[in-house]
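**Q** Curious how this folds, go ahead:
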Amino acid sequence: MKTLSLISRYFPIWVICVSILSIYNPKIFIWFTDDMITYGLAGIMLGMGLTLKFNDFIQIIRMPHWILIGLFLQFTVMPMLGWSLAFFFDLPKFFAVGLILVSCCPGGTASNVIVYLSKTNLPLSVSMTTISTLSAIIMTPILTSIYSGTYLEVDSLGLFLSTTKVVLIPIFVGILFNIFLPRLTNKITPFSPSAAVILICLIVGSIIGQGKEIILNSGMNLFYSIIILHFFGFIFGYIFCYLITKNKFVSKTISIEVGMQNSGLGVVLARDNFINPSTAIPSAISSLVHSVMGSLFVVLFKEKNIKVK
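**A** All right, here's what the predicted structure looks like:
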């Protein structure tokens, strides 16, 4: 169990190492491709479903205004930032759409790890991740279609079906396992966080490896835009939430949720719904960037001896 804890605790380090290795020698990771990426993300969502219980949804009832604030910021601030940065940096069409797509994705399970390490509000984080992920079945296709309209026509139905396949169904199956096979679920769940880290690393490594030449020849504009996207996601998430709630504890949690996207979902949606494979590259780089930033925010946000009311 100690090894499993190390895998999830040092998630950003593994992502950085995988990204460097993939640029140096893509063959290490590019075997993990096509349907394996889709099944990998579905496995992550299944693991998330296995950890969900009715008590998690009771948390949502206890703090609906916090959830609504977080959802509003998640699906307004980030998509607007994504579109604005794509326009400002004049990104190539496939990178612009990829950046917009990842900015329209929900919060990722990695945010729960960062919230846990920073000792902020974990129940709120889990609730927000759950609700934003379920909301993404509708919101991500619609927002991507709206904001990408200036670049190309987006198949909203295709995005909706892909999101349903890799998000809703695995999570629902995980919840059913938790309800009807609790003993088996209890044996599996300790492995879920570390399995999620391994799968995310494989997905990131594969996409970066496949797009190595494009990444190296794309200049720094793509990296700048992704860094700014996540940085301002963290900052605006905190500022806007604090102005409304006057609660630093809650604001830090929502900041992490808003600033960290489900980049794995972005990779799968880009790969399954756009002809140009380079559309998935912003999502892969996003996973690296927000993981590193999240680690920095652990230090900045870390709370001591605070109890959730």
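**Q** ok, the most far-flung residue of the chain relative to its centre to residue 189 distance?
**A** Distance to the chain centre peaks in the chain at residue 183, reaching 29.0 Å (criterion: Cα atoms, centre = their mean). Distance of residue 183 to residue 189, given as Cβ to Cβ, to the nearest Å: 11 Å. C-beta here means a position set from N, CA and C on the backbone, and glycine is covered the same way.
**Q** pLDDT below threshold where in the stretch 1-150 of the chain?
**A** Applying pLDDT under 70 to the stretch 1-150 of the chain flags the ranges 1-4, 53-57, 59-60, 116-117, 150.
**Q** Can you read off the pLDDT for the residue farthest from the centre of the chain?
**A** As summarised for this prediction, residue 183 has a pLDDT of 89.
**Q** element containing the residue nearest to residue 102 when sequence neighbours are not counted, please.
**A** In this structure, residue 102 finds its nearest non-sequential neighbour in residue 266, 3.8 Å apart by Cβ to Cβ, 6 or more residues apart in numbering. Using DSSP states H and E, residue 266 maps to helix 263-273.
**Q** now what about that helix, what contacts it?
**A** The contact list for helix 263-273 (Cβ atoms under 8 Å, 6 or more residues apart in numbering) reads 37-38, 40-41, 44, 97-98, 101-102, 105-106, 108, 136, 140, 144, 154-155, 158-159, 162-163, 166-167, 199-200, 203-204, 207, 277, 279-280, 282-284, 286-287, 290.
**Q** Which parts of the stretch 201-309 of the chain are helices?
**A** Secondary structure of the stretch 201-309 of the chain (DSSP state H, counting those that start in this stretch): helices located at 212-217, 221-245, 248-259, 263-273, 281-301.
**Q** so which of these comes closest to residue 85?
**A** Closest to residue 85 of the helices of the stretch 201-309 of the chain is helix 221-245 (Cβ to Cβ; 4.2 Å).
**Q** Which strands and helices lie in contact with the closest one?
**A** helix 64-74, helix 77-88, helix 93-103, helix 248-259, helix 281-301 (3 or more Cβ pairs under 8 Å, 6 or more residues apart in numbering; DSSP states H and E).
**Q** looking only at pLDDT, what's the mean for that helix?
**A** In this model, helix 221-245 has a mean pLDDT of 92.
**Q** and the direction of it versus that of helix 77-88, what angle?
**A** 150 degrees (axes from the mean of the first three to the mean of the last three Cα atoms, to 10 degrees).
**Q** residue contacts, the nearest residue in space to residue 89 that is not next to it in sequence?
**A** Among residues not flanking residue 89 along the chain, residue 221 sits closest, at 4.4 Å (Cβ to Cβ, 6+ apart). Applying Cβ under 8 Å, 6+ apart to residue 221 gives the contacts 89-91.
**Q** which of these has the most neighbours?
**A** Within those, most neighbours by other Cβ atoms under 10 Å means residue 91, with 22 neighbours.
**Q** any idea how far it is from residue 40?
**A** When residue 91 is compared with residue 40 (using Cβ to Cβ), they lie 27 Å apart.
**Q** same deal with residue 132?
**A** The separation that residue 132 has from residue 40, given Cβ to Cβ, amounts to 20 Å.
**Q** cool, residue 64 as well?
**A** With Cβ to Cβ as the criterion, residue 64 and residue 40 are 33 Å apart.
**Q** Tell me which of these two has more neighbours.
**A** residue 40 (24 against 12).
**Q** Give me the buried positions along the helix or strand where the more buried one lies.
**A** Per DSSP H and E: residue 40 is located in helix 35-50. With burial defined by 16 or more other Cβ atoms under 10 Å, the residues of helix 35-50 counted as buried are 37-38, 40-50.
**Q** now it: how far from the chain's centre is it?
**A** Averaged C-alpha coordinates place helix 35-50 at 13 Å from its chain's average position (Cα atoms, centre = their mean, to the nearest Å).
**Q** related to what we said a few turns ago, out of the helices and strands packed on helix 221-245, the one nearest residue 31 is which?
**A** For residue 31, the closest of the helices and strands packed on helix 221-245 is helix 281-301, at 15.9 Å, according to Cβ to Cβ.
**Q** Could you name the helices and strands sitting against the closest one?
**A** Helices and strands touching helix 281-301, by 3+ Cβ pairs under 8 Å, 6+ apart, are helix 11-24, helix 93-103, helix 110-118, helix 192-210, helix 212-217, helix 221-245, helix 248-259, helix 263-273.
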